[in-house]
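> take a look and give me a structure for this.
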Amino acid sequence: MRDGRKRHVLTGTFGQLLEVHITPADVQDSVAAPELLDRFMAEPGRLLKLVWADSAYQGPALADAFARHGIPAPHGTPAKRSPTAPATSRTKPNVR
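Model prediction:
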């Protein structure tokens, strides 16, 4: 990325912005995803039923985050399955 940052975004079913986590570009997606999920779920009353994500978001830390928040993972850990893996995706600003 040009600016040396990654934007990890959690959106709702209809595309509404739920949470954003910005990290340095050298932070792996699998490291940022659990933190994004933890930040979102820290607010009372928040619920996630199903999560879809890019395959770059995987790993045991994310599987632990799903379990910690009671988010169901079909047939094992979400980090090993696609498309129900993690809670984020990468975005690039549309600047020309």
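> quick check: mean pLDDT of stretch 54-64?
For stretch 54-64, mean pLDDT rounds to 81.
> burial measure for Pro60, as a count.
Using other Cβ atoms under 10 Å, Pro60 is surrounded by 12 other residues. Where you see a C-beta, it was placed from the backbone N, CA and C, and this is true even at glycine.
> where's it relative to Asp3, distance?
Per Cβ to Cβ, to the nearest Å, Pro60 is found 30 Å from Asp3.
> how about Met41?
Distance from Met41 to Asp3, counting by Cβ to Cβ: 28 Å.
> okay, those two: which has more neighbours?
Using other Cβ under 10 Å as the criterion, Met41 and Asp3 rank with Met41 on top: 18 against 11.
> tell me the pLDDT of that one.
In this model, Met41 is scored at 94, pLDDT.
> so what's it closest to, chain neighbours aside?
His69 (4.6 Å; Cβ to Cβ, 6 or more residues apart in numbering).
> next one: Leu36
Residue nearest to Leu36 in three dimensions, not counting chain neighbours: His21, with 4.2 Å by Cβ to Cβ, 6+ apart.
> correct me, but Asp29 touches Tyr57?
Yes - taking contacts as Cβ atoms under 8 Å, Asp29 lies within contact range of Tyr57: 4.9 Å.
> which of those two has more neighbours?
Shown here are Asp29 and Tyr57; by other Cβ under 10 Å, Tyr57 has more neighbours (27 against 22).
> which SS class is the more buried one?
Taking DSSP: H, G, I helix; E, B strand; the rest coil as the rule, one finds Tyr57 in the coil state.
> I'd say it and Ser30 touch.
Yes - the criterion here is Cβ under 8 Å, and Tyr57 meets it with Ser30 at 6.0 Å.
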